[in-house]
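1. sequence first, predicted model second:
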Amino acid sequence: MTASAAAPARKRLFIRTWGCQMNVYDSTRMADVLAPLGYAPAEAPEAADMVILNTCHIREKAAEKLFSELGRLREMKRERESAGAGMVLAVAGCVAQAEGAEITRRAPWVDIVLGPQTYHRLPEMVARAARAGGAVIETEMPVEQKFDHLPEQAAPPGITAFLTVQEGCDKFCSFCVVPYTRGAEYSRPASAVLAEARRLVAAGAREITLLGQNVNAYHGEAADGGTWGLARLLRELAEIPGLLRLRYTTSHPRDMDEALIAAHRDIPTLLPWLHLPVQSGSDRVLAAMNRGHKAADFLRIVERLRAARPDIALSSDFIAGHPGESREDFAATLALVREVGFAASYSFKYSSRPGTPAAGAPQQVPEAEKDARLQELQALLREQQDAFNRSRAGMVVPVLLTGPGRHPGQVMGRSPWLQPVHLQADAALVGQEVQVRILAAHPNSLSGVLVSGEAASHILSAEEPAPA
Ligand code: SAH
Ligand code: SF4
Ligand code: F3S
């Protein structure tokens, strides 16, 4: 026992994540924070000494899912306790931030409630929870920045990794809780971002997605004392050897400036893909939403992006049935969708969020009408997505191989447009970008064959053209 005496006891941690990619990133960082305490990943909550639910508050249903999950966990916790083991139960994320008191009232078996800005203090909270009789609640938004207090990554990243560069939002769209749950806009210093990116690449990441609630509003302090926007940051990141692909999400049309559009023209590793939420195609609704731009502004941005990078594909977010949205307003959204042609999209029925301006607005759209509009919108978006996927068939596209496929000899990869691609290839190629001829588009993926790549040439079939 001499060598391991100082090492913390081995414990198991299970994290369940809802919501946006920022929450996915936060979950990995919470695991990093807890690793020095001896926590390693558990396969299932039943086997875990600690369970963290990392929650999302964006729509009503998301919060309700939390309470049903907490009900199930109460039983598991009881069973573990009667078997002589314990379970520390923590609720993190945006519901914790918005409804901390409500959580401890409705689910007093929760030990820790922590907001998105406090997870670097988890070890201390775990210690306090062990001593305390009741729940430990940490939901203030401290001035100190959590990023300064986070350890370096403990777990190796995948081939594709996330990196948060910006957090919070000052835009206060009428419908949205994010400015309240994530706080004011904050950009990490450029040097911290570059250092984290280098570490990710050294540990095996080949594609990095920069994250922020308003990622293109990034304005980070630079080493030279100036401020870098996202375009400059991307240019510097693109210089990191071994980093094959860059993406960023989520952007706001208002911050889609000339420099960023030029970055799409000039940086080959910046993927031809942009998620740019527009929410509505009606100027009246866009104004009511406080989005700060008109439909024509969005169309102009799309035009400039396509001129800069002709193979760029766009995805977007839409809300159907915002308060005050008439049939004509909704028709304007359908018209914008038809005009742009999106490769993928997320669309939601407006969900009233307590405390946001739209929640108290008159002219709420009846539920049945919201449903009908959402279905009509989703049918159109689905059609466009299928058409986009089908349009890849026959093309030769670069695919970043990310891991083994479901069948023997198969590997999975990702197209530049986020589509999963499966093909027969040597698993030793995982981590490389290879050229793949797309043969077929399936509802949620593409399939293809390798057409080149030195290591791959031995499995080229006779009818394939020789690698250039
Ligand atoms: N920062 C991003 C969006 C973050 S929230 C932006 O500015 O676009 C992700 C998406 O959830 C939003 O784009 C919006 O489409 C949707 N959403 C946010 N609040 C919502 C609400 N109250 N009801 C329905 N959808 C909502
Ligand atoms: Fe929410 Fe609007 Fe901020 Fe996006 S820009 S996070 S939709 S308030
Ligand atoms: Fe949800 Fe919070 Fe992200 S509300 S969408 S987890 S910022």
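-> Alright, I've got the coordinates. Numbers count the residues shown, from 1 in each chain. Ligands and ions are numbered 1, 2, ... in the order given.

2. state the helix or strand in which F330 lies.
-> According to DSSP states H and E, F330 maps onto helix 327-340.

3. the nearest residue to K146 once chain neighbours are set aside: neighbouring residues, count only.
-> In this structure, K146 finds its nearest non-sequential neighbour in H120, 4.4 Å apart by CB to CB, 6 or more residues apart in numbering. In short, each C-beta sits where N, CA and C put it, glycine included. Around H120 there are 21 other residues, counting by other CB atoms under 10 Å.

4. D224 too?
-> So D224, with other CB under 10 Å, has 8 neighbours.

5. give the contact list for the nearest residue to A135 once chain neighbours are set aside.
-> Computed as CB to CB, 6+ apart, the closest residue to A135 that is not its neighbour in sequence is T104, at 4.6 Å. T104 is in contact with 110, 113, 134-135, 137, counting by CB atoms under 8 Å, 6 or more residues apart in numbering.

6. what strand or helix carries T104?
-> T104 belongs to helix 93-106, assigned by DSSP H and E.

7. buried residues, that helix. List them.
-> 93-100, 103-104 (16 or more other CB atoms under 10 Å).

8. touching ligand 3 at all, that helix?
-> Yes - applying CB under 6 Å from any ligand atom, one finds helix 93-106 touching ligand 3 at 93-94.

9. that helix close to ligand 1?
-> No - for helix 93-106, no contact with ligand 1 is found by CB under 6 Å from any ligand atom; the gap never falls below 10.2 Å.

10. from the contacts of T104, which would you call buried?
-> For those, buried by 16+ other CB under 10 Å: 110, 113, 135, 137.

11. from C169, how far out is the residue nearest to A135?
-> Separation of T104 from C169 (CB to CB, to the nearest Å): 27 Å.

12. ok so, going back, next, the buried residues of the helix holding F330.
-> 329-330, 332-334, 336-337, 340.

13. list of residues touching it?
-> Against helix 327-340 from outside (CB under 8 Å, 6+ apart): 278, 280-285, 295, 298-299, 302, 314, 316, 318, 320-321, 345, 373, 376-377, 380-381, 384.

14. what pLDDT, on average, does stretch 328-337 get?
-> Average pLDDT, stretch 328-337: 98.

15. the helix or strand where A372 lies close to ligand 1?
-> According to DSSP H and E, A372 maps onto helix 367-391. No - legend: contact between helix 367-391 and ligand 1 by CB under 6 Å from any ligand atom is lacking; minimum distance shown is 9.6 Å.

16. other residues contacting that helix?
-> Counting by CB under 8 Å, 6+ apart, 313, 318, 320-321, 325, 330, 333-334, 337-338, 341-345, 347-350, 365, 417, 419, 441-443, 446 sit against helix 367-391.

17. next SSE downstream of the least confident helix or strand in the chain by mean pLDDT?
-> Ranked by mean pLDDT, DSSP states H and E, the weakest helix or strand in the chain is helix 146-149, scoring a mean of 76. Toward the C-terminus, helix 146-149 is succeeded by strand 160-164 as the next helix or strand (DSSP H and E).

18. now that next one: average pLDDT?
-> What strand 160-164 shows for mean pLDDT is 94.

19. name every strand pairing with that strand and say which way it goes.
-> Strand pairing for strand 160-164, using DSSP bridges, gives strand 207-211 (parallel).

20. and the strand it pairs with, how far out from the chain middle?
-> In terms of CA atoms, centre = their mean, to the nearest Å, the centre of strand 207-211 is set 9 Å apart from its chain centre.

21. rewinding a little: can you list the strands that the following helix or strand past the helix holding T104 pairs with?
-> Once the chain leaves helix 93-106, the next helix or strand it forms, by DSSP H and E, is strand 112-114. Using DSSP bridges, the strands paired with strand 112-114 are strand 88-92 (parallel), strand 136-138 (parallel).

22. can you redo the ones you listed as JSON lines with mean pLDDT and distance to ligand 1?
-> Shown next, in JSON lines, are the strands paired with strand 112-114 (pLDDT from 0 to 100; distance: least, CB to the nearest ligand atom, whole Å):
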{"stretch": "strand 88-92", "mean pLDDT": "96", "distance to ligand 1": "18"}
{"stretch": "strand 136-138", "mean pLDDT": "86", "distance to ligand 1": "24"}
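
23. the chain: helices as residue ranges?
-> For the chain, the helices defined by DSSP state H cover 21-34, 60-82, 93-106, 122-131, 146-149, 178-181, 190-202, 230-237, 258-266, 283-288, 295-308, 327-340, 367-391.

24. out of those, the one nearest N216 is which?
-> Each of the helices of the chain was scored for nearness to N216 using CB to CB, and the closest is helix 230-237 (5.1 Å).

25. what residues of that closest one count as buried?
-> Buried residues in helix 230-237 (16+ other CB under 10 Å): 230-235, 237.

26. also stretch 119-131?
-> In stretch 119-131, counting by 16+ other CB under 10 Å, buried: 119-122, 125-126, 129.

27. is it true that L211 touches S187?
-> No - L211 lies out of contact with S187 (CB atoms under 8 Å); the separation is 11.9 Å.

28. what sits in contact with each of the two?
-> 165-166.

29. gap between Q410 and S447?
-> Q410 sits 9 Å away from S447, taking CB to CB as the criterion.

30. for the buried residues of helix 93-106, work out which two are farthest apart.
-> C94 and T104, at 16.4 Å, using CB to CB across the buried residues of helix 93-106.

31. okay, now the domains of the chain?
-> Domain assignment for the chain by automatic domain parsing gives 11-138, 156-271, 276-390, 396-459.

32. can you put the ones you listed in JSON lines and add distance to D148?
-> Listed next are the domains of the chain as JSON lines, based on distance: least, CB to CB, whole Å:
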{"stretch": "domain 11-138", "distance to D148": "8"}
{"stretch": "domain 156-271", "distance to D148": "8"}
{"stretch": "domain 276-390", "distance to D148": "30"}
{"stretch": "domain 396-459", "distance to D148": "31"}
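
33. identify whichever of those domains lies nearest to ligand 2.
-> Among the domains of the chain, the nearest to ligand 2 by CB to the nearest ligand atom is domain 156-271 (3.1 Å).

34. quick check, that closest one touching ligand 2?
-> Yes - interface with ligand 2: domain 156-271 contributes 169, 171-173, 176, 178-179, 213-214, 252 (CB under 6 Å from any ligand atom).

35. just the buried members of those?
-> Among these, those classed as buried by 16+ other CB under 10 Å are 169, 171, 173, 176, 178-179, 213-214, 252.

36. near ligand 1, which of those residues show up?
-> Answer for those near ligand 1 (CB under 6 Å from any ligand atom): 176, 178, 213-214, 252.

37. contacts only, for A155.
-> By CB under 8 Å, 6+ apart, A155 lies in contact with 28, 31-32, 35, 41.
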